[in-house]
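[1] any chance you could fold what I've pasted below:
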Amino acid sequence: MRYISVCSGIEAATVAFHPLGFTPIAFSEIDPFPCKVLAHHYPEVPNLGDMTKFKEWPDYEPELLVGGTPCQSFSIAGLRKGLDDPRGNLMLTYLAIAAKYRPKWILWENVPGVLSTNGGRDFASFLAGLEQCGYGFAYKVLDAQYCRTDGYPHAVPQRRRRVFVVGCLGDWRSAAAVLFDSEGLRGNPPPSRETGKEVAGTFTSRTKSGGWGTDVDLASSGYMRTVPEVAKCLTVGQSIRYDSETETMLPCAVAFGVGEKPDVWHCLRSGASKADKHESTTYILQMQVRRLMPVECARLQGFPDDYLSQVPSASDTQMYRALGNSMAVNVMNLIGRRIQMANNIK
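    Okay, here's the model as predicted:
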């Protein structure tokens, strides 16, 4: 499947679509650092630049148009001007590009806030525009932490909810088949938990003891237990490592063993050691919150470790920003597979 990617960023779409055999015809990106990333990884694919100049673009014949137009005008963290913001108006430019090339499939992404700006009228205008261009469509909010697919059997360990719109020329049923499968239609709710809103405490602010303030029996309480996928994103040798035998996150900070002879452990153990696993051992846990490294952010988005760092003169600030603006690779791979399946149905 040949595709054009607009608002390309660092091309999560191409990383996701490459295993499927999809071929990019052209990109459209203007941000300097993502442009360097595209030139480094995909030198044979033209970057057409400003998407508002699409009328000057060559007469391609794509089968798919993919892109996530800027979300700032729709995000709850912004001013929410919607289509009154020039960045928001790029959703209409996206429609104009679809009208010019008329690919069989379109895939568009944005933040959930797009559903409610201007009382929902902005999003309704986008859907109405798709219909006028001849597309049947379906849309759904997907969370990256639940999108499991080949290469990502455990998804990615981050909560990232985004709206995805899939359109198929003249056929809403095919579009719906991409986003709604039998399992998804069951309506099974996600785990019941609330998103944390407090600022994480520092090393000394936790309690009077300067740590967590209480002896924590990790063996009995299950404290700090988590899924292995989180550990895979954290760099070994930093603040946290993963113990595959106990399936426990282990902070690489000093912990003082409480027993006959207090010992200093370089890596905290969960409960007793393998040799004396029937004993109950209690430790005082001290840990410090740190900032994620760029390589860890890349893993959380589903990118290879060195995808950005191998780009000449890439700074941490540039990598953080580019990854934060990107789509999650596993979600794009999942949708790409579903489009491929629906496209092959005669």
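[2] then the helix or strand that contains G136 to CSV, C-alphas only?
    Assigned by DSSP states H and E, G136 belongs to strand 135-143. Backbone C-alpha positions of strand 135-143 (Å, rounded to 0.1, in the frame of the first residue of the first chain) are rendered in CSV as follows:
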residue,chain,number,x,y,z
TYR,A,135,-15.7,8.9,2.4
GLY,A,136,-17.5,6.6,4.7
PHE,A,137,-15.9,6.8,8.1
ALA,A,138,-15.6,5.5,11.7
TYR,A,139,-13.8,7.0,14.7
LYS,A,140,-12.7,5.7,18.0
VAL,A,141,-10.6,6.8,21.0
LEU,A,142,-7.7,4.3,21.5
ASP,A,143,-5.3,4.1,24.4
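[3] note down every partner strand of it and its orientation.
    With DSSP bridges as the test, strand 135-143 is paired with strand 161-169 (antiparallel).
[4] show me what secondary structure element comes after the strand it pairs with.
    Downstream of strand 161-169 (by DSSP H and E), the next one is helix 172-179.
[5] CA atoms only: put that following helix into CSV for me.
    Output of helix 172-179 as CSV, limited to C-alpha atoms (Å, rounded to 0.1, in the frame of the first residue of the first chain):
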residue,chain,number,x,y,z
TRP,A,172,-18.3,3.2,5.9
ARG,A,173,-18.5,-0.6,6.6
SER,A,174,-14.9,-1.1,5.7
ALA,A,175,-13.9,1.8,7.8
ALA,A,176,-15.9,0.5,10.8
ALA,A,177,-14.3,-3.0,10.3
VAL,A,178,-10.9,-1.4,10.9
LEU,A,179,-11.7,0.2,14.3
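[6] quick one, phi/psi of V156?
    Phi and psi for V156, reported as degrees, to the nearest 10, are phi -130, psi 140.
[7] which parts of the longest helix belonging to the chain are buried?
    What stands out as the longest helix in the chain, according to DSSP state H, is helix 329-344. By 16 or more other C-beta atoms under 10 Å, the buried positions in helix 329-344 come out as 329-340, 342-343. Bear in mind the C-beta positions are built from the backbone N, C-alpha and C, glycine included.
[8] using PDB, write out every CA atom in it.
    Output of helix 329-344 as PDB, limited to C-alpha atoms (Å, rounded to 0.1, in the frame of the first residue of the first chain):
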ATOM      1  CA  VAL A 329       4.100   3.200  16.900                       C
ATOM      2  CA  ASN A 330       2.100   0.200  18.300                       C
ATOM      3  CA  VAL A 331      -1.200   1.900  17.700                       C
ATOM      4  CA  MET A 332      -0.300   2.800  14.200                       C
ATOM      5  CA  ASN A 333       0.900  -0.700  13.500                       C
ATOM      6  CA  LEU A 334      -2.400  -2.200  14.800                       C
ATOM      7  CA  ILE A 335      -4.500   0.200  12.600                       C
ATOM      8  CA  GLY A 336      -2.300  -0.400   9.600                       C
ATOM      9  CA  ARG A 337      -2.800  -4.200  10.000                       C
ATOM     10  CA  ARG A 338      -6.500  -3.700  10.200                       C
ATOM     11  CA  ILE A 339      -6.600  -1.500   7.100                       C
ATOM     12  CA  GLN A 340      -4.500  -4.100   5.200                       C
ATOM     13  CA  MET A 341      -7.000  -6.900   6.200                       C
ATOM     14  CA  ALA A 342     -10.000  -4.800   5.300                       C
ATOM     15  CA  ASN A 343      -8.400  -3.800   2.000                       C
ATOM     16  CA  ASN A 344      -7.800  -7.500   1.100                       C
END
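[9] okay, angle between the strand holding G136 and helix 329-344 too, please.
    Going by axes from the mean of the first three to the mean of the last three C-alpha atoms, to 10 degrees, strand 135-143 is angled at 150 degrees with respect to helix 329-344.
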